[in-house]
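J.: Dropping a prediction and its sequence here:
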Amino acid sequence: MGQIIQWYPGHMAKALRLMQENLKYVDIVFELVDARIPLASRNPELNHVLGDKPRLLIMTKMDLADPKITQEWLQDFEQRNIPVVALNVKDRKTPQIVTKAARKILAKKWDQLAERGVKDKAIRALVVGVPNVGKSTLLNHLVMKNVAITGDRPGVTKKLQWLKTPTNLELLDTPGVLWPKFENQVVGQHLAMTGAIKDQLVNLDDIALALLEFMRGYHPEAIIERYKLAPDSFVQLSNVDLLLLITQKMGFKDDYERGSERLLIDLRRGKLGTYTIERPTDREELGFLDDAGNDSTD
Ligand SMILES: Nc1nc2c(ncn2[C@@H]2O[C@H](COP(=O)(O)OP(=O)(O)OP(=O)(O)O)[C@@H](O)[C@H]2O)c(=O)[nH]1
């Protein structure tokens, strides 16, 4: 259960401090959030740590999210003057999309540099985000196979290692790990549903019940079809009874822990369709900042 260590406040503080120290070496921060849980997968502390450092918000796993709600989120962040893109990190176009967005954000500064004779300067970036959000996948995808470590830059405790990309980015080789804000039970459930918290750390049947509650309001037909339930099961049964019924249909008799695990695997593998758990209107309920700078940690 080594992962538990990630939740220690001391570790969180240390990681944030390290990130803060590394910030001075980069031009921009790529903050990754999961498109299905754009609130729970952020850490409001980052707003403080970043100060006025340019940031590009990258909503990952767009292919698993509800496209309509992704559009709502894009608008929401844009209205808050946070430059944002949504993507499937593994998509071929990802390096172009990310590089173009970063260039746009830094265009003015780069124009000034060009006037002073500095041409084609690489953009240096730090990738940050909560566990499982896609940081390593993005790094690997951006550098493609031409991994080249550019050496000899000053660093905090050691020389920093940079990865060059074919699109003229230079990425710090170690992404910054952020911890989710974990005070709110519902936030924890959302993180667990998407797999951002390791299954060993949570009670799977609690998460499965939370998932059924979500599906009840959002997408009942996905559950009905997948597990061949009677159409009115959602109306007649409590979540617990529904979970037991689904467990039976899966052939696990009354082993609802196994049923819960399978239900979550089905969700994460996209067998229940695309879904987005959080909408822009959930900010207040989940105790999240409004991104105008007045966040809940102020
Ligand atoms: N479908 C889909 N899967 C993704 C996407 N981005 C990442 N993944 C998958 O999500 C999982 C986690 O990705 P990682 O790149 O390891 O995430 P990380 O942020 O580096 O995780 P930690 O090392 O735990 O901090 C992997 O199975 C990836 O293949 C995406 O945009 N779409």
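T.: Perfect, thanks for sending it. Residues are numbered from 1 along each chain as shown.

J.: Now tell me which helix or strand of the chain has the poorest mean pLDDT.
T.: For the chain, the helix or strand with the lowest mean confidence is strand 149-153, at a mean of 46 (criterion: mean pLDDT, DSSP states H and E).

J.: If you tally nearby residues, what's the number for residue 251?
T.: One way to gauge burial is a neighbour count; for residue 251, by other Cβ atoms under 10 Å, it gives 10. (C-beta placed from N, C-alpha, C; glycine too.)

J.: For it, give its distance to residue 214.
T.: Residue 251 sits 24 Å away from residue 214, taking Cβ to Cβ, to the nearest Å as the criterion.

J.: Near the ligand, which residues of the stretch 51-200 of the chain are found?
T.: With Cβ under 6 Å from any ligand atom as the criterion, the stretch 51-200 of the chain comes near the ligand at residues 60-61, 63-64, 88-90, 129, 131-137, 177.

J.: just checking, which of these belong to helices?
T.: Applying DSSP state H to those, the entries found in helices are 135, 136, 137.

J.: ok, the last one touching residue 88?
T.: No - using Cβ atoms under 8 Å, residue 137 is not in contact with residue 88, being 9.9 Å away.

J.: Against residue 91, how distant is the closest residue to residue 253 other than its chain neighbours?
T.: Using Cβ to Cβ, 6 or more residues apart in numbering and skipping the chain neighbours, the partner closest in space to residue 253 is residue 247 (7.3 Å). As for residue 247, its distance to residue 91 is 36 Å (criterion: Cβ to Cβ).

J.: Give me the neighbour count for the residue nearest to residue 253.
T.: 23.

J.: Mind telling me what element it is part of?
T.: helix 239-249 (DSSP states H and E).

J.: Quick one: list the elements packing against that helix.
T.: In terms of contact count using 3 or more Cβ pairs under 8 Å, 6 or more residues apart in numbering; DSSP states H and E, helix 239-249 is assigned the packing partners helix 204-218, helix 233-236, helix 256-268.

J.: which residues touch the closest residue in space to residue 136 that isn't next to it in sequence?
T.: Nearest non-adjacent residue to residue 136, counting by Cβ to Cβ, 6+ apart: residue 175, 6.9 Å away. Remark: with contacts taken as Cβ atoms under 8 Å, 6 or more residues apart in numbering, residue 175 is in contact with 126, 127, 128, 129, 135, 136, 139.

J.: Is there a quick ChimeraX command that grabs whichever of those are buried?
T.: Those of the contacts of residue 175 that meet the burial criterion (16 or more other Cβ atoms under 10 Å) are gathered into one ChimeraX selection, given here:
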select :126,127,128,129,135,139
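
J.: which of the contacts of residue 175 lies closest to residue 38?
T.: Residue 38 has its nearest neighbour among those in residue 129, at 11.6 Å by Cβ to Cβ.

J.: Just the pLDDT at the closest one, thanks.
T.: In this model, residue 129 is scored at 91, pLDDT.

J.: before we move on, back to that, okay if I get the ones in helices among the residues of the stretch 51-200 of the chain next to the ligand as JSON lines plus pLDDT and distance to residue 122?
T.: JSON lines is the format used below for those (pLDDT from 0 to 100; distance: Cβ to Cβ, whole Å):
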{"residue": "135", "pLDDT": "92", "distance to residue 122": "20"}
{"residue": "136", "pLDDT": "91", "distance to residue 122": "21"}
{"residue": "137", "pLDDT": "92", "distance to residue 122": "21"}
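
J.: Could you list the low-confidence segments of the stretch 1-150 of the chain?
T.: Scanning the stretch 1-150 of the chain for pLDDT under 70 picks out 1-9, 145-150.

J.: Going along the chain, name the strands of it.
T.: Assigned by DSSP state E, counting those that start in this stretch, the strands in the stretch 1-150 of the chain fall at 28-34, 55-60, 84-86, 123-129, 149-153.

J.: Sheet-wise, list the partners of the fourth one with their directions.
T.: Meaning strand 123-129. Under the criterion DSSP bridges, strand 123-129 sits next to strand 28-34 (parallel), strand 169-172 (parallel), strand 176-177 (parallel) in its sheet.

J.: which of these is buried the deepest?
T.: Sort the strands paired with strand 123-129 by mean neighbour count, taking mean count of other Cβ atoms under 10 Å, and strand 28-34 sits at the top with a mean of 25.
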